[in-house]
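Asker: here is my input, please return the structure:
(chains A and B)
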Amino acid sequence: MIRSLLAWLDNRTGCNDLIHEALYEKVPGGARWRYVWGSTLVFTFVLQMITGIFLWTAYSPSAQTAWESVYYIQEVMFLGKMVRGMHHFAAQAMVVLLAIHLIQVIIDGAYKAPREINFWLGLVLLKIILGLSLTGYLLPWDQKGYYATQVSTKIMGATPVIGAQLQEVVQGGAQYNHHTLTRFFAMHAGILPGLLIGFLALHLYVFRRHGLTVHQPKKNPDTTFWPDQVLKDGVACLGVLAVVMLFAFFKGAELSPPADAAKAYAAARPEWYFLFLFRFLKFEAVEHLGLAFGAIYVPGALMGILFMMPLTAKMKAGHRFNVAFTWLVTFGIVVLTTMAFYEDANNEDHQAAIAEAERDAHRIKELASRPTMIPVEGAVSLLRQDPFTQGPVLFAKYCASCHRYNGHNGRSIVLRETDKETKIVSITTPEATDLANFGSRDWMKAIITDYGNHFAPLKKAKWYPGTDDAEFNLDDSEMADASEGYAEAFTSPENANDLNALVEALIALRGWNGDEESIDTKLVERGQQILDGEPLADGTEISSCADCHDTIGSDFEVTGEGYGYPDLAEYGSAKWLKAFISDPGSDQFYGAKNHMPAYAEKMNAKDLDLLVRWMTGDYYETHVKDYPSRITEVFGAAPQPEAASADE
Amino acid sequence: MSENENSTPDADETPPAEVASETVCRTSAAGESACSEKPRRNFVVEATAAAVGAVVGIVPAVIGGLFFLDPLVRKGEQKDDAGAGGDAPDRVVKDADGFIRLTLGIEALPADGTPVRYTVHDDIVNAWNMFPNQPIGAVWLRRIQDQVLAFSTVCPHLGCDVEHRSGEGDFFCPCHTSAFDMDGKPLNAIPPRAMDTLETKLADDRIWVKYEQYRGATSEKELV
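Answerer: Prediction:
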């Protein structure tokens, strides 16, 4: 029955001949592992077709939906992480396999007559595959792909004569926009795969015409493609699939933060297999000769030599030249790639940019998975409005010239300076307090009992007495004196609880998010009594905070009036902090003693709000790890709390 | 392409060999391969090759296929965010049973039972986007003493919009002239069933409605 059906089918279509043609290709000298590379490439391409088409069913190419749909595929959809991961890593496997295939073809002389045409077809396939990688890199519309692809399109723009027009056509406009994505997507999922299928068919046809290039000496009797070589090819493909799936499962495809044209991405790098070109372009001499030289002429010349190989081989020692050239270029690529990796690993700025990108990437996933999900304006708007994301950036921009945050500039970079004469690089001395723990219990405690030390970085400020024309001397300050007294008073064990109570009372004033749950109301009550001037547990009477800071305990209001004793009404609250940053030199705050610039004019209200909300912890709860503390590097080991009082 | 040329890897200048010195395989009409020195067919090798080939093909296809079935796999797994205001103040308040809080209290409805048309809003989830407070449909609200009666405005016949005719004192659908009395009972044979009532409750001085859609043209009320 089945037999007669197959016979009928064969009679009408001739499919048996076709199958035999496909399966009984002669393999002289027996099946060998070294013949598997072409097949693994075909398999990887099929894998890309399968995963790519399924990704297509969920991908949405536009500036407001590309990242969002990829996020949805990766984080929400069933097996999405696997499908995208396989597509991502199979693309990289394809480049590796392509390199192996090409090198093997050259050293085995398989490019020589009569296989010149097929060699050229292979080079066309190589170009198409690189084109697929390049166009695919942009599609997630994340920071990494966005800024790396900008480089590629700029290189395109450096093409002689038609560069500018070419770039604009490819981008679908003068700038990146919706059409950049629709164009790249059409290239990536339509035009290039179509070309690839066409050229692959030609490649295989011509390959069959000339047969395998047998590696000498033949080890075994001749055989046919089926089943011996198929088994080896199949096992090799299985190996490729396993590696790709392991990477997809354990590593997963990266999705960096959504593309933001307004936020430069310092960690932008091309995919690792283009890193050699990236590194090559960074050589000063290359840079000096212009983008077109390094990015177009040199690679063009190398491709030209590659292209000419079948003709070169006809000359005396031509084949040897080709092989030597291949190894030389491979060596160069390996060296340049290693250099790029090595330099990046040792470049603190680059590492900081990566750390920031990872922080943002994790954060955006948190924000997007809230019940409110992603707004129509796109995920990038979530990051732009998020204090946890914007706070550090604003801190680095406005505050880090004097202050530090856990020792760094807010964005994990430790600021350094180079001595003009000796060229020695050293860590820049902070000239104001570290604000990472601003408003915290530690901060309150330090202000009460260790004021002098807490503000000691001020003594390094360029305006400090002895260095410039300043009036304020921390050592003469009333609060430093008072603090020494407090330190002494609170050292007695009986009073330890009172110190905690006082701190707790101050914490109650700041009124941050979540304070209500964490505050110990009993302590606050006791702290309030001390604030009001009651003696400590051991009977010591201390000068009350309210003696100088007479608004403590009341509602904060911006008045601009005072005596240069900072207004401590709602001290540390967002309201207080905003007013302080806006005008710290107001009589309501430090008055004449102040040296901090007023930011009312320097910062817009939105930025100030984001900064203050970040400093006061007023943002959607996060589990993203913050940058590691660099405080000991910058400030040295923290002083022992007892040390100050022991000096007395 | 009917026969393969013999490969001659070392001969740069050799033109494609026309004479196949070692041609071994020929295809017979019956479709069976006849090789002169045909290696013994090794069933184990063939089976293994076929199995490996099948695995590398099937695994990606199955993974992709399951990914495509995502809507079925994740059905009912939607996060229960009912009542979670989040930080979008304009979100609709909805309780765990699916009742939507309206902006009206019962006192806003006429005491004589005259129906009031009310557009119901809900937060609409569209894949990764959430559109807060979008109109999703309308209800007719009637006050019956201290209870609220709610009818879907969707005609149970073929889904047109049911109007209230105050002159006639009935509900009327202009598409196919379905008519209902003020309690929603059919007044002619056109509608297959009474107007669809929706569950309501009163809490926090507001009316809450469980807005649902039902299949049209069936005599029984079936959820869509």
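Asker: what residues of the longest helix seen in chain B count as buried?
Answerer: Longest helix in chain B, counting residues (DSSP state H): helix B:43-68. Neighbour-count burial for helix B:43-68 flags B:45, B:48-49, B:52-53, B:56-57, B:59-60, B:63-64, B:66-68 (criterion: 16 or more other Cβ atoms under 10 Å in any protein chain shown). The way it works is simple: take the backbone N, C-alpha and C, and place the C-beta from them, glycine included.
Asker: so which of the residues you listed sits lowest on pLDDT?
Answerer: Ranked by pLDDT, the buried residues of helix B:43-68 bottom out at B:Val45, which scores 89.
Asker: so A:Gly533, which state does it fall into?
Answerer: coil (DSSP: H, G, I helix; E, B strand; the rest coil).
Asker: how is chain A divided into domains?
Answerer: A:21-265, A:441-646 (automatic domain parsing).
Asker: list the contacts of A:Ala598.
Answerer: For A:Ala598, the contact set (Cβ atoms under 8 Å, 6 or more residues apart in numbering or on different chains) comprises A:Ser582, A:Asp583, A:Pro584, A:Gly585.
Asker: quick one: the third one from A:Lys593, how far?
Answerer: Counting by Cβ to Cβ, to the nearest Å, the gap between A:Pro584 and A:Lys593 amounts to 10 Å.
Asker: which other helices and strands contact the longest helix of chain B?
Answerer: If you count contacts as 3 or more Cβ pairs under 8 Å, 6 or more residues apart in numbering or on different chains; DSSP states H and E, helix B:43-68 packs onto helix A:37-56, helix A:80-107, helix A:230-250.
Asker: adding mean pLDDT, write those helices out as JSON lines.
Answerer: Listed next are the helices and strands packed on helix B:43-68 as JSON lines, based on pLDDT from 0 to 100:
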{"stretch": "helix A:37-56", "mean pLDDT": "97"}
{"stretch": "helix A:80-107", "mean pLDDT": "97"}
{"stretch": "helix A:230-250", "mean pLDDT": "97"}
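Asker: one step back: sort out for me which of the contacts of A:Ala598 are in helices.
Answerer: A:Ser582.
Asker: among the contacts of A:Ala598, which ones are buried?
Answerer: A:Ser582, A:Asp583, A:Pro584, A:Gly585.
Asker: for those, which one is nearest chain B?
Answerer: Nearest to chain B among the buried ones among the contacts of A:Ala598 is A:Ser582, at 25.4 Å by Cβ to the nearest Cβ.
Asker: that closest one contacts A:Leu608, correct?
Answerer: Yes. Between A:Ser582 and A:Leu608 there is a contact at 7.1 Å, judged by Cβ atoms under 8 Å.
Asker: touching both of the two, which residues are there?
Answerer: Contact with both A:Ser582 and A:Leu608 is made by residues A:Tyr599, according to Cβ under 8 Å, 6+ apart.
Asker: residues near residue 134, how many?
Answerer: By default, I'm working from chain A. 21 (other Cβ atoms under 10 Å in any protein chain shown).
Asker: my question was about chain B, not that one.
Answerer: 13.
Asker: secondary structure class for the residue nearest to it when sequence neighbours are not counted?
Answerer: Spatial nearest neighbour of B:Gln134, excluding adjacent residues (Cβ to Cβ, 6 or more residues apart in numbering or on different chains): B:Ile124 at 4.6 Å. Here B:Ile124 is recorded as strand under three-state DSSP.
Asker: so is stretch A:371-389 next to chain B?
Answerer: Yes. Counting by Cβ under 8 Å from any Cβ of the partner chain, contacts between stretch A:371-389 and chain B involve A:Pro371, A:Thr372, A:Met373, A:Ile374, A:Pro375, A:Val376.
Asker: make that stretch A:67-74, sorry
Answerer: Yes. Legend: contact between stretch A:67-74 and chain B by Cβ under 8 Å from any Cβ is shown at A:Glu68, A:Ser69, A:Tyr71, A:Tyr72.
Asker: thinking again about what came up before, tell me which of the domains of chain A is the most buried.
Answerer: domain A:21-265 (a mean of 19; mean count of other Cβ atoms under 10 Å in any protein chain shown).
Asker: measure it end to end?
Answerer: End-to-end distance of domain A:21-265 (Cα to Cα, to the nearest Å): 53 Å.
Asker: centre of the chain to that domain, how far?
Answerer: 24 Å (Cα atoms, centre = their mean, to the nearest Å).
Asker: one more: stretch B:126-142?
Answerer: For stretch B:126-142, the distance to the chain centre is 17 Å (Cα atoms, centre = their mean).
Asker: what's the average pLDDT for it?
Answerer: pLDDT averaged over stretch B:126-142 gives 93.
Asker: cool, and stretch A:332-345?
Answerer: Stretch A:332-345 comes out at a mean pLDDT of 96.
Asker: mind listing what's buried along it?
Answerer: Across stretch A:332-345, burial judged by 16+ other Cβ under 10 Å covers A:Ile333, A:Leu336, A:Thr337, A:Met339, A:Ala340, A:Asp344.
Asker: isn't A:Met373 right next to B:Met130, touching?
Answerer: Yes. Because the distance of 3.8 Å satisfies Cβ under 8 Å, A:Met373 is recorded as touching B:Met130.
Asker: these two - which one has more neighbours?
Answerer: Using other Cβ under 10 Å, the more surrounded residue of A:Met373 and B:Met130 is A:Met373, with 25 against 21.
Asker: quick one: residues contacting that one.
Answerer: B:Val125, B:Trp128, B:Asn129, B:Met130.
Asker: one more: A:Pro160?
Answerer: Contact partners of A:Pro160, counting by Cβ under 8 Å, 6+ apart, are A:Ala292, A:Ile296.
Asker: how about 7 Å then?
Answerer: A:Pro160 makes contact with A:Ala292, according to Cβ atoms under 7 Å, 6 or more residues apart in numbering or on different chains.
Asker: does it count as helix, strand or coil?
Answerer: Classified using three-state DSSP, A:Pro160 is coil.
Asker: what about residue 132, which SS state?
Answerer: I went with chain A, as the question did not name one. helix.
Asker: um, chain B though
Answerer: strand.
Asker: I figured it hits B:His121, correct?
Answerer: No. Using Cβ atoms under 7 Å, B:Pro132 makes no contact with B:His121, being 8.7 Å away.
Asker: more neighbours: which of these two?
Answerer: With neighbours defined as other Cβ under 10 Å, B:Pro132 and B:His121 compare such that B:His121 has more, 20 against 17.
Asker: show me where pLDDT drops low in the stretch 301-450 of chain A?
Answerer: Along the stretch 301-450 of chain A, no part satisfies pLDDT under 70.
Asker: for it, which residues are neighbours of chain B?
Answerer: A:Ala313, A:Lys314, A:Ala368, A:Arg370, A:Pro371, A:Thr372, A:Met373, A:Ile374, A:Val376 (Cβ under 7 Å from any Cβ of the partner chain).
Asker: now tabulate those in CSV and tack on distance to A:Asn11 and secondary structure.
Answerer: Formatted as CSV, these follow (distance: Cβ to Cβ, whole Å; DSSP: H, G, I helix; E, B strand; the rest coil):
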residue, distance to A:Asn11, secondary structure
A:Ala313, 46, coil
A:Lys314, 48, coil
A:Ala368, 59, helix
A:Arg370, 64, coil
A:Pro371, 63, coil
A:Thr372, 64, coil
A:Met373, 59, coil
A:Ile374, 58, strand
A:Val376, 59, coil
